[in-house]
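Visitor: okay, sequence plus prediction incoming.
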Amino acid sequence: PGWIPLLAGMQVLLPAFLSITLHPPQRLEQLNQYPDFNNYLIFVLTKLKSEDEPTRSLSGLILKNNVKAHYQNFPNGVSDFIKSECLQNIGDSSPLIRATVGILITTIASKGELQNWPELLPKLCLLLDSEDYNTCEGAFGALQKICEDSAEILDSDMLDRPLNIMIPKFLQFFKHNSPKIRSHAIACVNQFIISRTQALMLHIDPFIENLFALAADEEPEVRKNVCRALVMLLEVRLDRLLPHMHNIIEYMLQRTQDQDENVALEACEFWLTLAEQPVCKDVLCGHLSQLTPVLVNGMKYSEIDIILLKGDIEEDEAIPDNEQDIRPRFHRSRTVAQQHEGDGIEEEEDEEDELDDDDTISDWNLRKCSAAALDVLANVFRDDLLLHILPLLKELLFHPEWVVKESGILVLGAIAEGCMQGMIPYLPELIPHLIQCLSDKKALVRSITCWTLSRYAHWVVSQPPDIYLKPLMTELLKRILDSNKRVQEAACSAFATLEEEACTELVPYLAFILDTLVFAFSKYQHKNLLILYDAIGTLADSVGHHLNKPEYIQMLMPPLIQKWNQLKDEDKDLFPLLECLSSVATALQSGFLPYCEPVYQRCVNLVQKTLAQAMVSSQPDQYEAPDKDFMIVALDLLSGLAEGLGGTIEQLVARSNILTLMYQCMQDKMPEVRQSSFALLGDLTKACFQHVKPCIGMSIELTVKDNLIVNISVQQCNMDTQSQQISSHPFSLSQHPLGPEMQPYIAMVLHQLVEIINRPNTPKTLLENTAITIGRLGYVCPQEVAPMLQQFIRPWCTSLRNIRDNEEKDSAFRGICTMISVNPGGVVQDFIFFCDAVASWVNPKDDLRDMFYQLQCNLVGEENWRRFADQFPMPLKERLATFYGGGGSCSARLPCAQARG
């Protein structure tokens, strides 16, 4: 602590230090060679008053970075000197220097030093009582940062639970005469609400009383922290807020309209959180007439929003994108999802924020929060909300001011999901109006209209195509070629949604669609090009083999292959392009053959290169670990090729080492790599079984070994991914007629599959794949699988009752019928579930329908069928009556005596 800087050292280091900003990395490395460099940094921060404050603060921030990177290697005495200087200067007269010292203190504390700096917390708490404002504020600033960064360790026995002293101490300062101190005090306590820290829960009532006392504080930062506290308490101590809920709601209504937007945003979070509580409908229904206009008003662009979005620039398509504005792109794994009755959408949808219409403003703001709150409240109150929304919408949607009109279109999109039924009578008038708005002169109106129309795409597709679908598609395609980049992006995303909903309804317009999408290749800047890949891939998924026409292939493939050739192997733009090509290859089938070999070979090379890099990087500190997403997208594109080309991929597989590479990938530490490799094995099993057959035993053993890792202690996300593997590999094998050759592996996988299908909260796609796998295994090896029928029949039936008629459902039901024939006792207790699953079929093949009749007659008998069916719920009775062609009797199609014969 007695260190004194040398004049010579100051003469050398200070000019060098001041030039750091010009040559940061190299210069800093050189300066760090001086043993006393960190001492000089703390000296400049705390003592060198001759320098200006920004320079002194910069010195402290460089020291903070050194602490983060090299603290354990600081020479003896340096860390003690830095700690001592920090505590002596926490009350510096400059707010900037105090804040920098506070940051330095919390950085040292977060390096595990709270245990090795026992005097820190008592000293800071003692300084809170100082009569000097600067000292009190500096200490509180440091404590707030420590509470933010080290909340968990503060609530542990490791430090002898200092919060038991600190929280009551903080509560004393809620009534301090300085607004800054009051704000620090609330912010400190707020860090411990969500974790339900015991020290706070013991003082929860005085805490809430103090919050109420500060509700009308004149300082915005205090009001913001009060709102934040109430939002968190709503989640964890609703019981304590309920008696005051009416007043809290009235207060939050005022604060959501606060002049300070940060306060308004914090208050607006309250409605989002309240919507998730079971009491929402009861406590909020009387306030909807006040709340709705407040949220709607918050959905208007503020002046600062428009400036940040460059809302006054209408044409910017020729301006290159700023690379840092492009979000990091992560690969989405290619998974098998079943289509469900009545919706035509996949169950596990992308969980991206659908209300994120202002993509380039990544910051959460009042507009986005208000829209999200309206969306969730629409899902709570459904059509009851329309009573309050519709009068506002009439005024907004036709308003002469574009900012107001734009907010009305956003409102219409926000309520789409929750209020769809109530909106249907108005849509014949609203959809044409919105299609007109796609041509509005303001780009921000055009872009939000694209998003809102996508929210109603399901309804549009359900109507006669010439009335709404065709005009909407025509206008959206024009907007895809808009002169404004934001509109291009919104139109591309909206069109992808329309593609998912319309599917083969788009086939008559394919030439027109492809013409537009291909022209966009020459028009788009970098960011929108990535979204264009997604729109093309989604089109291929939606229209499937209808894309396999020479004229379409000639339009689509040259620009894709041109981009493919331009991109280097380490360019992350490969991710969306590979995903796109995977969908295109699957759709084009034989039409992809001319492009197949170079694409296949590059994918194999990507896998091989990534595996080699991973092996080299396993030696610590030698090489950087590779980005395994390259390997995952390559495996997924190979799956797409195998699925699309079928048996014609056989020669490519024979001439490559893909099976060896795939076996290595199955053992990778990363679950997504294993998942994609098992999916590829499944597609190769169908496409060229002769090459896969030799490695079946090893791959099944790997699958089972992998799944043994999965247990209740593993986080749900990992369970789902890893369990997907155990269901996906037998699923792929069960697609091939192995027959008796599967017998040795049944015992290995069946118990795992039964465990998955009975596991609570399992994602639907995983349940469906597992059920189909069990059904197919039972079809080829009924004697081995049927004895376990009773353990899985009920979840099996409920998993498959909602998926559409298709080949996979067909083979699974044949398997279950075969197993029931072998072990009829296994279904007796759950026979009604089987009947319900059977009734989910719309148009089964005749021989499968006969299997159902035969089973039901054998199990129940003609005489008992009517009496048995009378116990069914009415909807099931009606579906079965339709299924059996009237009367609900199994004799309607097949005489029972004949069935028994």
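Guide: Looks like it came in fine. Residues are numbered from 1 along each chain as shown.
Visitor: for residue 803, phi and psi?
Guide: Main-chain torsions, residue 803, degrees, to the nearest 10: phi -90, psi 150.
Visitor: beta partners of it?
Guide: Beta-bridge partners of residue 803, counted by DSSP bridges, are residue 340.
Visitor: neighbours of residue 819, how many?
Guide: Number of residues near residue 819 (other Cβ atoms under 10 Å) recorded here: 29. Any C-beta I mention is one placed from the backbone N, CA and C, and that applies to glycine too.
Visitor: can you confirm it is in a helix?
Guide: Yes - counting by DSSP: H, G, I helix; E, B strand; the rest coil, residue 819 is found in a helix.
Visitor: can you give the domain ranges for this structure?
Guide: Using the TED database, the domains assigned to the chain come out as 1-112, 113-242.
Visitor: mean pLDDT for these: which is lowest?
Guide: Comparing mean pLDDT across the domains of the chain, the lowest value falls on domain 1-112: a mean of 79.
Visitor: next secondary structure after the stretch of helix or strand residue 444 belongs to?
Guide: Secondary-structure assignment from DSSP states H and E places residue 444 in helix 443-455. Per DSSP H and E, helix 443-455 leads on to helix 457-462 as the next helix or strand towards the C-terminus.
Visitor: which strands and helices lie in contact with the helix or strand following that next one?
Guide: Next helix or strand after helix 457-462 toward the C-terminus (DSSP H and E): helix 469-480. On a contact count with 3 or more Cβ pairs under 8 Å, 6 or more residues apart in numbering; DSSP states H and E, helix 469-480 meets helix 427-437, helix 443-455, helix 457-462, helix 485-502, helix 510-523.
Visitor: closest to residue 190 out of these?
Guide: With Cβ to Cβ as the criterion, residue 190 lies closest to helix 443-455 of the helices and strands packed on helix 469-480, at 34.2 Å.
Visitor: make JSON lines out of the domains of the chain and add distance to residue 447 and mean neighbour count.
Guide: Formatted as JSON lines, the domains of the chain follow (distance: least, Cβ to Cβ, whole Å; neighbours: other Cβ atoms under 10 Å):
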{"stretch": "domain 1-112", "distance to residue 447": "39", "mean neighbour count": "17"}
{"stretch": "domain 113-242", "distance to residue 447": "30", "mean neighbour count": "18"}
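Visitor: tell me which of these lies nearest to residue 574.
Guide: The nearest among the domains of the chain, by Cβ to Cβ, is domain 1-112 at 29.1 Å.
Visitor: and the strands in the stretch 751-900 of the chain?
Guide: With DSSP state E, counting those that start in this stretch, there are no strands along the stretch 751-900 of the chain.
Visitor: residue contacts, residue 291?
Guide: 253, 271, 284, 377 (Cβ atoms under 8 Å, 6 or more residues apart in numbering).
Visitor: pull out the buried positions in the helix or strand harbouring it.
Guide: In this assignment (DSSP H and E), residue 291 forms part of helix 288-298. Buried residues in helix 288-298, defined by neighbour count with 16 or more other Cβ atoms under 10 Å: 288, 291, 292, 294, 295, 296, 298.
Visitor: quick one: average pLDDT of it?
Guide: Here the average pLDDT along helix 288-298 is 97.
Visitor: give me the next element, helix or strand, following that helix.
Guide: Per DSSP H and E, the first helix or strand lying C-terminal to helix 288-298 is helix 303-308.
Visitor: for that following helix, packing partners?
Guide: By 3+ Cβ pairs under 8 Å, 6+ apart, helix 303-308 packs against no helix or strand.
Visitor: still on that earlier bit, among the buried residues of helix 288-298, which two are most distant?
Guide: Within the buried residues of helix 288-298, 288 and 298 form the most distant pair, 15.3 Å apart (Cβ to Cβ).
Visitor: quick check: which ranges of the protein have low pLDDT?
Guide: Filtered on pLDDT under 70, the chain yields the residue ranges 1-33, 35, 113, 323-362, 619-622, 703-741, 862-863, 884-901.
Visitor: quick check: next helix or strand after the lengthiest helix in the chain?
Guide: For the chain, the helix with the greatest residue count under DSSP state H is helix 593-617. Toward the C-terminus, helix 593-617 is succeeded by helix 629-645 as the next helix or strand (DSSP H and E).
Visitor: so that following helix versus helix 593-617, what angle?
Guide: 150 degrees (axes from the mean of the first three to the mean of the last three Cα atoms, to 10 degrees).
Visitor: for helix 629-645, enumerate the helices and strands it packs against.
Guide: helix 574-588, helix 593-617, helix 658-665, helix 671-687.
Visitor: list just the one of the ones you listed that sits closest to residue 747.
Guide: The nearest among those, by Cβ to Cβ, is helix 671-687 at 19.7 Å.
Visitor: packing partners for the closest one?
Guide: Applying 3+ Cβ pairs under 8 Å, 6+ apart, we find helix 671-687 packed against helix 629-645, helix 650-654, helix 658-665, helix 689-692, helix 696-708, helix 716-733.
Visitor: can you give me the angle it makes with helix 629-645?
Guide: Going by the same axes, to 10 degrees, helix 671-687 makes 20 degrees with helix 629-645.
Visitor: so which bits of helix 671-687 are buried?
Guide: Under the neighbour-count criterion of 16+ other Cβ under 10 Å, helix 671-687 has 671-687 buried.
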